[in-house]
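1. Show me the folded form of this:
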Amino acid sequence: MKRLLTLIASLFILCSAQASDVKVEAVIAVDGDTKPATSFASDTPKLHAFFRSKGTEKGDKLRGVWIAEDVGDAAPANTKIDEATVTANEDNFHGAFSLSKPTKGWPVGKYKVEIYDEDELVATVRFTITAGK
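-> Residues are numbered from 1 along each chain as shown. Here you go, the predicted structure:
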């Protein structure tokens, strides 16, 4: 029984170590053909958070959460706009989360995308929306 508890504790520690070994790099861009940026016009049709991961395994789930950090009177601070989850189709995978422009355009202000591996925050990408053309 003591050996079983030791084994379970060892597996728990191993699993915890693996989760913290996940690294994610992310950028925001209009599409896959444009350079990443940190500022976009309020009339931008769609934004993409492109990411690549290291330490993930096939079947892992990454969740992207779009947040309006500070958009003045348009919404309270740190309002969650949307979220989506993608499942890794291979080890160390890459992918994207996207968000379309609201009907009235993006409110001017500060935004971020948080990327989670399960419930662990592994990356944050900040960007701003400026007045359109």
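2. Please, which helix or strand holds the spatially most central residue of the chain?
-> Taking CA atoms, centre = their mean, the centroid of the chain lies closest to I115, which sits 2.7 Å from it. Counting by DSSP states H and E, the element that carries I115 is strand 109-117.
3. Contacts for that strand next, please.
-> For strand 109-117, contacts defined as CB atoms under 8 Å, 6 or more residues apart in numbering pick out 19, 22, 24, 26, 28, 49, 51, 53, 56, 60-72, 74, 81, 97, 121-129. Every C-beta, even on glycine, is put in place using the N, C-alpha and C of the backbone.
4. Could you list the buried residues of the helix or strand following that strand?
-> For strand 109-117, the succeeding helix or strand toward the C-terminus, using DSSP H and E, is strand 120-130. Residues of strand 120-130 classed as buried by neighbour count (16 or more other CB atoms under 10 Å): V122, A123, V125, F127, I129.
5. Run through the strands of the chain in chain order.
-> Under the criterion DSSP state E, the chain contains strands at 23-29, 39-41, 46-54, 61-70, 79-87, 94-100, 109-117, 120-130.
6. List the neighbouring strands of the strand holding I115 plus their orientation.
-> Using DSSP bridges, strand 109-117 pairs in its sheet with strand 61-70 (antiparallel), strand 120-130 (antiparallel).
7. What residues sit buried inside it?
-> For strand 109-117, a neighbour-count test (16+ other CB under 10 Å) marks G109, Y111, K112, V113, E114, I115, Y116, D117 as buried.
8. pLDDT and distance to D43 for the residues you listed - can I get that in TSV?
-> Shown next, in TSV, are these (pLDDT from 0 to 100; distance: CB to CB, whole Å):
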residue	pLDDT	distance to D43
G109	98	15
Y111	98	15
K112	98	20
V113	99	20
E114	98	25
I115	98	26
Y116	97	30
D117	94	33
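9. Now tabulate those in CSV and tack on distance to E90.
-> Output for those, formatted as CSV (distance: CB to CB, whole Å):
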residue, distance to E90
G109, 36
Y111, 30
K112, 27
V113, 22
E114, 23
I115, 18
Y116, 19
D117, 15
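10. buried stuff in stretch 100-110?
-> Buried residues in stretch 100-110 (16+ other CB under 10 Å): K101, W106, P107, V108, G109.
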